[in-house]
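J.: the sequence isn't on hand, but the structure is:
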DNA sequence: GATGAATGAGTCTTCATTCAT
DNA sequence: AATGAATGAAGACTCATTCAT
């Protein structure tokens, strides 16, 4: 899979990356209703260029999600490797801390008119995958009560995504409440 | 012009109520992107009629929120009157259970492109108001740890909006995790 | 079928008719590439109005064809009623004479990117229908040789559509050549 | 700039020929609306290469027509040399038989949005030229009635473009009807 | 010379809102 | 008051053409 298609020209790759980045920030900050033309403008390219790389607004959106989920999953693997027993807690805390930038995406994920499975099939599975790995590891380590499953944790994740709107320090405290709720009975 | 609030004609009142109801269901089920024409159609009126009662889509949306928040706040007051110590927990459980139907609204509350303060100023204040009453009551009763505040609880509320997607029983377990996290150390 | 749907409002009917007429003239004169906005402008309405009556450019085009074919078929029936033996010849002559206005349509019909069966299913069948009636009548009357069929005549029809570009009188002579070719051996 | 017509590099000439051929087939099969990018793709070159040889879509189209008309005219000259009395009839028959492949072109010749005189001035004159030579020869030989002129024959030519749609054998019979119409009274 | 990425004007279509009936 | 037709400003997307590589 390394090279069935020749590597993209340098300028094209730069543009593609720039568009993806701008789209991420823009969707995150202003929601999915932002016109493609606006994203193009902010990326410093013509609308046609956006369409060359992402033939549909939907596709652009999927690419943004995939990109984002990929990096989240990567981080989860690092945490897991570092300390299986606390990875899940730490992950939850980090999600809370970095949630701000992901808002538009999270809402979109939760929202209507966007089918995540359709938008990024691999992405959701991968995300659920690590999450369950982290959960299982924590339960083996005895740090998380045994009666919770992946779906519960996933649902709790979404809380993290909403905390930054409430002022400094709230996010951390919310994370601790959830972590406490998950903790094995003392 | 003689009276600012001449009582609305009976059929007009009925239309207003019908539109509000349909708008609630529709926004909840399909999000804010649904055209006004579609809401009019489902309500069995012409688009002009929608605009007579709600001069703007934005205004219609605010009305939907206010209506919804009002009934949530009412319910909270009932729970508070019945048992101050458990009202918050019970309220959280109910929110989780009924979240499914409120998705559109919940997203909107959490969402971008909609400024809730602007959309329904009184509504948000009233909501935060009861929530803090419930929290204070619970803390007085010793059922909730003293180091959480209204904002944390509000943030936790938003989790409700995502739980219905994960299958039967998940919602309840999520509610219990949160409740456990909030509970005073035993 | 007279009134499952209530009769269209007078102004709406007028607009619909005006758009159809303008679309006919415009497609005929300038081809299918003309923007809808242009047709709207010439009809003195907004583009939205065109789309209210014809939800797609394709649909507008179909409507134009159907309308045109309907009147052609009507005329054929009149000729047939008046004199079965000469109806076909007369019809051919009239087609030649009025061809100018139909050019764009004829080309479109003959052209690519337009599937007549799809565009106006009933229309083509109706047209072929009368044409074969006229042909059969003429053959019964002995004015047309017996070894030609509907398809040949239909093909010949298209010649008629192309004659107006060659100057005065040409059209008539072309019609006569075809009529002579069709005539029973003398 | 030293020479206005330096001989084209071999690969360039090959590209030019390939593009012209593909453009001919594509326009013929799918009409003028096909994007240049598509033609480039089918010809196995980049769009830039198409533009190097044909600075405009219009120019490419003209080149296609000219190329096509040139070969038609050549064929007519052969027929004329072989038998002046029957050349026109034979030519008509061949046009009918080969019309299928020429549709896009025929439409274009007949069509709107394309001014053939402008598109390929020499081409049309040359075509009319041989046609009138064939006609005159036939009339001198007494095989064609004397009251027809070039324009009538040209108009009749256009029938060719429509015959292939009607099934096997129709084209031949249509050609015979026209030939009979043109024939001197026996 | 060839390539294919970028451009951006132009097209179809939707939908919030206004207004004649 | 209600209706639903009309409006027109956007927005998604296409494609002829130019230009950097």
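T.: Arrived safely, thanks for sending. Not measured: the values here are computed from a predicted model.
J.: from here on, contacts and neighbour counts on C-alpha atoms
T.: OK.
J.: who are the contact partners of residue A:134?
T.: Residue A:134 is in contact with A:76, A:80, A:84, A:87, A:88, counting by Cα atoms under 8 Å, 6 or more residues apart in numbering or on different chains.
J.: which one of those residues is nearest residue C:183?
T.: Using Cα to Cα, residue A:76 comes nearest to residue C:183 of these, at 87.4 Å.
J.: got the buried residues for the helix or strand that contains that closest one?
T.: Element membership for residue A:76 (DSSP states H and E) is helix A:57-82. For helix A:57-82, a neighbour-count test (16 or more other Cα atoms under 10 Å in any protein chain shown) marks A:60-67, A:69-70, A:72-73, A:76-77, A:79-80 as buried.
J.: hang on, the earlier thing: using TSV, please lay out the contacts of residue A:134 together with distance to chain C and pLDDT.
T.: What follows is the contacts of residue A:134, written out as TSV (distance: Cα to the nearest Cα, whole Å; pLDDT from 0 to 100):
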residue	distance to chain C	pLDDT
A:76	49	93
A:80	55	95
A:84	59	93
A:87	55	94
A:88	53	92
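J.: just those residues now: which is nearest residue C:33?
T.: residue A:76 (54.8 Å).
J.: was I right to think the closest one contacts residue A:87?
T.: Yes: the criterion here is Cα atoms under 8 Å, and residue A:76 meets it with residue A:87 at 7.4 Å.
J.: OK, contacts around the residue nearest the centre of chain A?
T.: Ranked by distance to the mean C-alpha position of chain A (Cα atoms, centre = their mean), the top residue is residue A:69 at 4.1 Å. By Cα under 8 Å, 6+ apart, residue A:69 lies in contact with A:123, A:124, A:127.
J.: report how many residues lie close to the first one.
T.: For residue A:123, the neighbour count with other Cα atoms under 10 Å in any protein chain shown is 20.
J.: look up how far residue A:53 lies from the closest residue to DNA strand F within chain A.
T.: Here the residue of chain A nearest DNA strand F is residue A:35; by Cα to the nearest atom of the strand that distance is 3.2 Å. From residue A:35 across to residue A:53, the span is 16 Å (Cα to Cα, to the nearest Å).
J.: what of residue A:149?
T.: Taking Cα to Cα as the measure, residue A:149 falls 39 Å from residue A:53.
J.: give me the mean pLDDT for stretch A:7-17.
T.: Average pLDDT, stretch A:7-17: 88.
J.: so which of the contacts of residue A:69 sit within helices?
T.: A:123, A:124, A:127 (DSSP state H).
J.: contacts with DNA strand E among these, please.
T.: Contacts with DNA strand E within these, counted by Cα under 7 Å from any atom of the strand: none were found.
J.: save those as JSON lines, and put in pLDDT and distance to residue A:135 too.
T.: Output for these, formatted as JSON lines (pLDDT from 0 to 100; distance: Cα to Cα, whole Å):
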{"residue": "A:123", "pLDDT": "74", "distance to residue A:135": "18"}
{"residue": "A:124", "pLDDT": "75", "distance to residue A:135": "16"}
{"residue": "A:127", "pLDDT": "83", "distance to residue A:135": "12"}
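J.: between those, which is nearest residue D:180?
T.: residue A:123 (72.3 Å).
J.: can you give me the helices in chain A?
T.: A:10-30, A:36-43, A:47-53, A:57-82, A:87-110, A:116-119, A:121-141, A:150-160, A:170-182.
J.: compare these and say which comes out lowest on pLDDT.
T.: Ranked by mean pLDDT, these bottom out at helix A:116-119, with a mean of 62.
J.: spell out which parts of chain A neighbour DNA strand F.
T.: By Cα under 7 Å from any atom of the strand, the residues of chain A that approach DNA strand F are A:9-11, A:33-37, A:47-48, A:51, A:55-58.
J.: sweet, I'm off.
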